[in-house]
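**Q** need a structure here:
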Amino acid sequence: MTIFHRGHAGAPRPNPSLSDVTEKLVADHGAHIDLATINRAVLDCLHDLQGSPAAACTVGLEYLARRRLLELIEADASARDNSRHTG
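**A** Numbering: from 1, shown residues only. Next up, the predicted model:
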């Protein structure tokens, strides 16, 4: 999924901030989490940061999305460990 914003003359073009954040997270966590989940995390975090200054939003977006993805990875690992011990 690509996020678009309006460029000059109204033509849609990819938003480099969101694309860059998503690409970094895919590079770091793509082996553990699928692209759809990473996209959803980025969009959810963007929504949560609405109203923040633009510079803070860009930095905060990557930080917040990375934290949420790490929480998902840890929760998944914990669930797998628990299922091994109970089954």
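
**Q** longest helix in this protein, by residue count?
**A** helix 54-86 (DSSP state H).

**Q** how far off centre is that one?
**A** The chain centre lies 10 Å from the centre of helix 54-86; the measure is Cα atoms, centre = their mean, to the nearest Å.

**Q** average pLDDT across that helix?
**A** For helix 54-86, mean pLDDT is 87.

**Q** give me the helices and strands touching it, please.
**A** Here helix 54-86 touches helix 16-29, helix 35-48, going by 3 or more Cβ pairs under 8 Å, 6 or more residues apart in numbering; DSSP states H and E. All C-beta atoms are positioned from the backbone trio N, CA, C, and that covers glycine.

**Q** could you give the angle of the first one to helix 54-86?
**A** Pointing back at helix 16-29 there. Angle of helix 16-29 versus helix 54-86, following axes from the mean of the first three to the mean of the last three Cα atoms, to 10 degrees, is 30 degrees.

**Q** can I assume residue 48 is in contact with residue 65?
**A** No - in this structure residue 48 lies outside contact range of residue 65 using Cβ atoms under 8 Å: 9.8 Å.

**Q** of the two, who's got more company?
**A** Between residue 48 and residue 65, counted using other Cβ atoms under 10 Å, the more crowded position is residue 65 (26 against 15).
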